[in-house]
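J.: could you look at this predicted model? Sequence included:
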Amino acid sequence: QVHLVESGGGLVQAGGSLRLSCADSGRTFRKYNMGWFRQAPGKEREFVAGVSWSGGSPYYADSVKGRFTMSRDNAKNLVYLQMNILKPEDTAVYYCAADYDLAPFGRDPRAYEFWGRGTQVTVSS
């Protein structure tokens with residue numbers, strides 16, 4: 001079983017940085033493909049970044065490529081999302097998600113089985 005808890009959100013000015021963390025208390029974290037998603041008010045949940053269980057190169061939405069970096073530490077049951085050069089349009093609730101048998105480079109939120117409760121990121125202009 002996977003139990004995900006996000007942290008690290010907050011209020012930051014445009015151009016600033018934040019690092020989100022997602023912790024799992026289970027024993028099988030290393031077997032799961034992980035993803036970061038976000039949802040702004042009135043909008044659908046959208047893919048931000050993902051990484052396979054094996055820790056290969058992360059993949060990103062075009063809107064964050066070059067600004068965000070996702071990484072995972074299987075020894076600590078953690079995934080991170082380093083967010084730089086933040087923009088007001090990055091404002092959203094950010095969610096961590098996990099799935100065991102996700103298709104390669106999966107971006108559809110419906111394909112992820114486990115979700116955290118989210119952490120708010122607000123970027124002021």
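T.: Perfect, I can see it now. This is a predicted model, so every value here is computed, not measured.
J.: CA atoms for contacts and neighbours, from now on please.
T.: OK.
J.: and the strands in the chain?
T.: With DSSP state E as the criterion, the chain has strands at 4-7, 10-13, 18-24, 33-39, 46-51, 59-60, 68-73, 78-83, 92-99, 114-115, 119-124.
J.: a markdown table for these, including mean neighbour count and mean pLDDT?
T.: Output for the strands of the chain, formatted as a markdown table (neighbours: other C-alpha atoms under 10 Å; pLDDT from 0 to 100):
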| stretch | mean neighbour count | mean pLDDT |
| --- | --- | --- |
| strand 4-7 | 21 | 97 |
| strand 10-13 | 15 | 98 |
| strand 18-24 | 20 | 97 |
| strand 33-39 | 25 | 97 |
| strand 46-51 | 24 | 97 |
| strand 59-60 | 20 | 98 |
| strand 68-73 | 19 | 96 |
| strand 78-83 | 20 | 97 |
| strand 92-99 | 25 | 97 |
| strand 114-115 | 18 | 96 |
| strand 119-124 | 20 | 98 |
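J.: so which of those comes closest to Gly106?
T.: strand 46-51 (7.6 Å; C-alpha to C-alpha).
J.: helices and strands around that closest one, which ones?
T.: Judged by 3 or more C-alpha pairs under 8 Å, 6 or more residues apart in numbering; DSSP states H and E, strand 46-51 is in contact with strand 33-39, strand 59-60, strand 68-73.
J.: direction included, what does that strand pair up with?
T.: Using DSSP bridges, the strands paired with strand 46-51 are strand 33-39 (antiparallel), strand 59-60 (antiparallel).
J.: I'd like the ones you listed laid out as TSV, including distance to Ser124.
T.: Below are those laid out as TSV (distance: least, C-alpha to C-alpha, whole Å):
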stretch	distance to Ser124
strand 33-39	17
strand 59-60	23
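J.: the residue nearest the centre of the chain pairs with what?
T.: Geometric centre of the chain, nearest residue: Trp36, 2.1 Å, by C-alpha atoms, centre = their mean. For Trp36, the beta-bridge partners under DSSP bridges are Ala49, Cys96.
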